[in-house]
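[1] I would like the atomic coordinates for the input below:
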Amino acid sequence: MSSFPTTVLRVATTTAAVAATVTNKEPKWEDQTRDQRDLYTQFVISISLGLSAFIAFCILRPKWATLYAARRENRTAAFVLPELPDSLFGWVPVLYRITDEEVLASAGLDAYVFLSFFKYAIKFLSITFVLAVIIILPIHLKFSGKSGIPGWDNNDGDKDGDVEVLRGTLSDPSIQLPKSDPSYLWMYVVFTYILTGLAVYLLIQETTKIIQTRQRYLGSQTSTTDRTIRLSGIPSVMLSEGKIKEFVEGLQVGKVDNITLCRDWRELDILMTERSKTLQKLERAWIKYQGFIKRHTRDNNALPLVRSHPRNSSATAEADPERSRLLWEDSGRPLVSDSVHSRPTTRVWYGPFKLRYRSIDAINYYEETLRRLDEKIIAVRQKEYPPIALAFVTMESTSACQMLVQAILDPHPMQFIASLAPAPADVVWKNTYLSRSRRKMQSWLITAAIGFLTIFWSVLLIPVAYLLELETLHKVVPSLAEALSRHPLAKSLVQTGLPTLTLSLLTVAVPYLYAGLSSLQGMISKGDMELSVISKNFFFSFFNLFLVFTVFGTATTFYGLFENLRDAFKDATTIAFALAKSLESFSPFYINFIILQGLGLFPFRLLEFGSVAMYPINFLSAKTPREHSELPKPPTFSYGYSIPQTILIFIICVVYSVFPSSWLICLCGLVYFTLGKFIYKYQLLYAMNHQQHSTGRAWPMICSRVFAGLVVFQLAMIGVLALRRAITRSLLLVPLLIASVWFTYSFSRTYEPLMKFIALRSIDRNRADDPDDSSTPEGLFSPPSWLDRDSLPVRVGGRDIGLRLRKYVNPNLILPLDGPWIPGRDGAVGSNHEHLDGGQQEQHGGSA
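    All right, here's what the predicted structure looks like:
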């Protein structure tokens, strides 16, 4: 099977060469849409980058285990995974043999769902590739002479003549479109139906499997999170724990175990933030006075400059945080410098408008400031704060919780709205203080900002699109076009590498911007934020990087429409034909794009180049032991950055699945998803931390985007057939388009609820409803990764309190007021210790 594509490639190239010889014309080398040299250049560059990155990773992986196996070093859930051998390539088959059950047990539902999409894409593209090679490619070769290989498809070989006529139409509207109607165009109709049906069938098959796994997986859970609802829209007369308990139990669904009524803790949050800054300044002042030797242990499993930790160091830190705070100290080797320094000073500004200052001892000043802040915080924690119309209600059983979230509780609109609660450590407490109107306003403002950015990216991408055709570039920047035409290699590098590299960099940089915007929308959980990031980034990728970039990517579509803008608006068919033709002629660019993403850039994800590059900078900027203790923290995997691009690649493969280049695009897509599944599997299981926020709720979003891609695919086929005057055949695709839209709606009504809620039949009622009970079983559907679902790691003031946060309570109410980490000192300055025990949580969290 591996030699079959090569044979087809030889047949296709031979056929195209013979056609070129007969017509006495050589293959054209004028632009990316017809240049085979660009494909070779892209392939050589990508394979060189990818191989070098992969080999470098294989060499460095056993040497830098603290980075490349960080998750297995630090997470108990990863201990169930097999040890990877230290040989150069011996880890590859071991990773390949890890089953879906092991992925689920170690990494949770989010990782399981994410990798399931790669499996789905591989199945679809494998079948499509076989169909393209066996049926679609031979038909195109016989009837149109097109092989789909850039540089070998002579335009004169297009028996329909649609290319040249379309160009003439856009420059002179009086020219008529072609009237030929070859019989082979029935292939577009038949395969549009076949491939749409195949995509939907495989999607339903995978969705059913995920639903069954998710229902059994969550149905066996009895943690606090699984028994808790988020109750919003509470009337002002009901804002007390007792009244809320009376209301919920009055529904006769079940008994209430605990209630946390959210309050406006803004004052406390401000004090805790100020305390964290003061503590950092105090620690830096002490280090400046005493001196601090940045000492690190060198071993074979650590990055240069990285300190290696014992695997059980986190447990030691939990048992005695004061003794473990100076993990930098080697036994009998103090980290305090022997040199004597003068005590540091700081400026204190005073007087009208703070225009005057005096210099005072920094250590004494920050110690006194810290002491006063601690006194304020202790007093403020005892205050009664005004309640917010939001509460977390924990029921005694999971079934009672599910009945509440799947029902309408109150006859009045916008009152007593029950929804699934995030994990305690997943709550963004500062956003719980916002009113519903404030959250709505912030959401609309962010939506408006996204709209503005959409226009901005569209304008930004047009100059990049100019580079794809010398014809367009010559009309805009003639000197550059002439210079490139004289240097074929430079032209190939610019037209191939620059646009694909620009789009690749945008797919990396823009998600960070959209993630920041999502954090400003006032969402109450980090899981909702991540789902919002997925939605925003996909819209950017699909609309700006696919639709806009494709439409404005060729001279025949952009420059011709610009010159005849008035005629284009009068005649809508001109725009439709231009869009269809853009898709057909743009396939070489997307082949290059997928090759670069799959072969060139994917292996660099294994190297975690960003973490490695930033570590020396972070190391040099870290001054205190606390700051140094944060350095070895492994990077965090974000689904919001990874899912949108993979969906875009899949949609591109679907849209081009019947074009002459379908076999080549499907082959590139197959390589992309095969490598992607392998690389992401390693990162999710061994290398990177990832908080399990959404319990697999990204799958409905993936499905809806796949359906959108199928609709675009059908519209493209309708446009292609209309372009060739096959009106009857194009109309035959309209029922399929309508059916796809209807099925999308039906899917959202039937399948999506099962991806959001737990069916009552799936709940295991034989298990005790105890939040701590989930830590005892050892089975597939009670995996070790779920032990910390109630207590995902929470970083507050540089302190991990996740393992103790098992109830819904603002961490600032219970966070111990530890003193500074000072080398060589046993005591802590300004320390007021509080414990995160159950009684403390009950006091501040409120109980029923």
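[2] does Met523 sit in a helix, a strand or a coil?
    coil (DSSP: H, G, I helix; E, B strand; the rest coil).
[3] who touches the closest residue in space to it that isn't next to it in sequence in this structure?
    Spatially, and ignoring its direct neighbours in sequence, Met523 is nearest to Met529 (5.1 Å; C-beta to C-beta, 6 or more residues apart in numbering). Where you see a C-beta, it was placed from the backbone N, CA and C, and this is true even at glycine. By C-beta atoms under 8 Å, 6 or more residues apart in numbering, Met529 lies in contact with Val428, Ala515, Ser518, Ser519, Gln521, Met523.
[4] Could you work out the most separated pair of those?
    Spatial extent of those (C-beta to C-beta) is set by the pair Val428 and Ala515 at 13.6 Å.
[5] Pick out whichever of those two has more residues nearby.
    Each of Val428 and Ala515 has its neighbours counted (other C-beta atoms under 10 Å); Ala515 has more, 18 against 15.
[6] Please verify my assumption that that one contacts Val533.
    Yes: proximity of Ala515 to Val533 meets the contact threshold set by C-beta atoms under 8 Å, at 4.9 Å.
[7] tell me which residues in the helix or strand containing Gln212 are buried?
    Assigned by DSSP states H and E, Gln212 falls within helix 186-219. Using 16 or more other C-beta atoms under 10 Å as the test for burial, helix 186-219 gives 187-189, 191-196, 198-200, 202-203, 206-207, 210-211, 213-215, 217-219.
[8] same thing with stretch 499-515?
    For stretch 499-515, by 16+ other C-beta under 10 Å, it's Pro499, Thr500, Leu501, Thr502, Leu503, Ser504, Leu506, Thr507, Val510, Pro511, Tyr514, Ala515.
[9] what residues are up against the closest residue to Thr192 other than its chain neighbours?
    Nearest residue to Thr192 in three dimensions, chain neighbours excluded: Met717, at 4.7 Å (C-beta to C-beta, 6+ apart). Residues near Met717 by C-beta under 8 Å, 6+ apart: Tyr188, Val189, Thr192, Val658, Ser730, Leu733.
[10] The last one - how many residues pack around it?
    Meaning Leu733. 20.
[11] tell me the phi and psi of it?
    Phi and psi for Leu733, reported as degrees, to the nearest 10, are phi -90, psi -10.
[12] Now do the spatially closest residue to it that is not a sequence neighbour against Thr550, distance only.
    Nearest non-adjacent residue to Leu733, counting by C-beta to C-beta, 6+ apart: Ile718, 5.1 Å away. Using C-beta to C-beta, to the nearest Å, we find Ile718 at a distance of 16 Å from Thr550.
[13] any idea of the mean pLDDT for the helix holding Gln212?
    Averaged across helix 186-219, the pLDDT comes to 94.
[14] Can you list the strands that the very next helix or strand once past it pairs with?
    Next along the chain after helix 186-219, taking DSSP H and E as the criterion, comes strand 228-232. Sheet pairing for strand 228-232, assigned by DSSP bridges, gives strand 387-395 (antiparallel), strand 417-420 (antiparallel).
[15] and those, which is most packed in?
    Burial of the strands paired with strand 228-232 is given as mean neighbour count (mean count of other C-beta atoms under 10 Å); strand 387-395 ranks first at a mean of 22.
[16] Off-centre distance for that one?
    In terms of C-alpha atoms, centre = their mean, to the nearest Å, the gap separating the centre of strand 387-395 from the centre of its chain is 30 Å.
[17] Contacts for that strand next, please.
    224, 227-236, 239-241, 244, 248, 253-264, 401, 404, 421, 427, 432-433, 435-436, 524, 807-808.
[18] switch the cut-off to 7 Å
    224, 227-234, 239, 244, 248, 254, 256-264, 401, 421, 432-433, 808 (C-beta atoms under 7 Å, 6 or more residues apart in numbering).
[19] next one: stretch 114-132
    Residues external to stretch 114-132 that are found in contact with it (C-beta under 7 Å, 6+ apart): 103, 195, 198-199, 202-203, 206, 210, 639, 643, 646, 650, 653, 657, 662-663, 666-667, 669-670, 673-674, 676-677, 680-681, 702.
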